[in-house]
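1. got a predicted structure plus its sequence, pasted below:
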Amino acid sequence: MVTPRVGVLAVQGDVREHLRALTLAGAEALPVRRAEEVERVDALVLPGGESTTIDRLTRVFGLREPLRRRIAQGMPVYGSCAGMIMLADRVLDGHPDQQTLGGLDITVRRNAFGRQVDSFECDLDVTGLPQEGGPYRAVFIRAPWVEQVGPGVEVLATVAFHGADHVVAVRQGNLVATSFHPEVTDDHRVHAFFVDLVRQAGSIGSRPEETPQAVPVPGRHDDGEGQR
Ligand code: GLN
């Protein structure tokens, strides 16, 4: 079976936990910090953390455009919690200058459960996960929920909160997002689901990484030979 190479955006957040979970789910997992590393992966995880910080550092490190390009080209991406916010096309209660990468046709509300409870766990039925192992024990930490989904978005799980159901897991083609943090538990079914999706997406090995990069030669363009 082919081993997909899955990166974890490593500017802030629970990167190590995702690397471990991905490895246990059968992927080759590696941190992604630089623009050229974005090109070397078949798929990417956007971890939990703080979406305003991840947004800011992603821009500072010049990762925003490479990431947006690969998302637009169909690279599979899984976002958990802050990662879900980064994938969302629209954010409520965001920081005034907060940007997302976008791609997922959803509106998320940041810190949606936050005023009442910061963190909690509950059992969920998540569409697409194997039934063996029972309901999925989901961990929510200052989590967003999904307030609105576009027509191409499949709802994978909801949670009842104060008498209303709220969407906490979605999929749109190769993009998957959860409000909760599967990386902090020992149940790796969500990561296995994503690694399977990456295998089925058929993009493995088509990463443009092996294309040699043009390496600037010092002085080359200043040698008076009209190279400009
Ligand atoms: N509240 C955080 C944010 O807005 C997300 C929390 C998390 O990823 N655990 O980015």
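-> Received the coordinates, thanks.
2. quick one: name the residues of this protein near the ligand.
-> For the chain, the contact set with the ligand under C-beta under 6 Å from any ligand atom comprises 48-51, 81-82, 85, 110-111, 141-142. Just so you know, the C-beta spots here come from the backbone N, C-alpha and C atoms, and that holds for glycine as well.
3. TSV for the residues you listed, including pLDDT, neighbour count and distance to V176?
-> Formatted as TSV, the residues of the chain next to the ligand follow (pLDDT from 0 to 100; neighbours: other C-beta atoms under 10 Å; distance: C-beta to C-beta, whole Å):
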residue	pLDDT	neighbour count	distance to V176
G48	96	31	14
G49	96	22	18
E50	97	16	21
S51	98	29	17
C81	98	30	13
A82	98	26	15
I85	98	30	14
R110	96	21	19
N111	94	16	21
I141	95	20	19
R142	94	16	20
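4. low pLDDT regions in the protein?
-> The chain contains residues with pLDDT under 70 at 115-116, 203, 205-228.
5. can you pull out the strands in it?
-> Assigned by DSSP state E, the strands in the chain fall at 5-9, 28-32, 43-46, 77-80, 88-92, 104-109, 119-124, 136-141, 145-149, 154-161, 164-172, 175-178.
6. please work out which of these is packed deepest.
-> Highest mean neighbour count among the strands of the chain (mean count of other C-beta atoms under 10 Å): strand 77-80, with a mean of 30.
7. which strands border that strand, and is each parallel or antiparallel?
-> Next to strand 77-80 in the sheet, as set by DSSP bridges, lie strand 43-46 (parallel), strand 175-178 (parallel).
8. contacts for that strand?
-> Outside strand 77-80, the residues that touch it by C-beta atoms under 8 Å, 6 or more residues apart in numbering are 18, 43-48, 71, 85-87, 103-104, 174-178, 180-183, 190-191, 194.
9. and the strands paired with strand 77-80: which comes nearest V149?
-> Among the strands paired with strand 77-80, strand 175-178 comes nearest to V149, with 10.7 Å by C-beta to C-beta.
10. need the residues that contact the closest one.
-> 71, 76-81, 83-84, 87-88, 103-104, 106, 138, 146, 156-157, 168-171, 190, 193-194, 197.
11. could you do stretch 47-54 as well?
-> 8-9, 11-15, 17-18, 46, 80-83, 85-86, 91, 94-95, 98, 100, 110, 141, 181, 183.
12. equivalent analysis for stretch 18-25, please.
-> Stretch 18-25 has contacts (C-beta under 8 Å, 6+ apart) with 6, 8, 29-31, 45, 47, 80, 182-183, 188, 191-192, 194-195.
13. can you do 6 Å?
-> For stretch 18-25, contacts defined as C-beta atoms under 6 Å, 6 or more residues apart in numbering pick out 6, 8, 29, 45, 47, 183, 188, 191-192, 195.
14. stretch 90-101 now?
-> Contacts for stretch 90-101 (C-beta under 6 Å, 6+ apart): 52, 55, 67-68, 85-86, 88, 107-110.
15. dump it to CSV, restricted to CA.
-> Taking Å, rounded to 0.1, in the frame of the first residue of the first chain, the C-alpha atoms of stretch 90-101 are listed here in CSV:
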residue,chain,number,x,y,z
ARG,A,90,-16.1,32.9,6.7
VAL,A,91,-15.4,33.5,10.4
LEU,A,92,-17.7,35.1,13.1
ASP,A,93,-16.1,36.6,16.2
GLY,A,94,-12.7,36.7,14.6
HIS,A,95,-10.1,39.3,15.2
PRO,A,96,-10.7,42.4,13.1
ASP,A,97,-7.7,41.7,10.8
GLN,A,98,-7.9,37.9,10.9
GLN,A,99,-7.7,36.1,7.6
THR,A,100,-8.2,32.5,6.8
LEU,A,101,-6.8,30.3,4.0
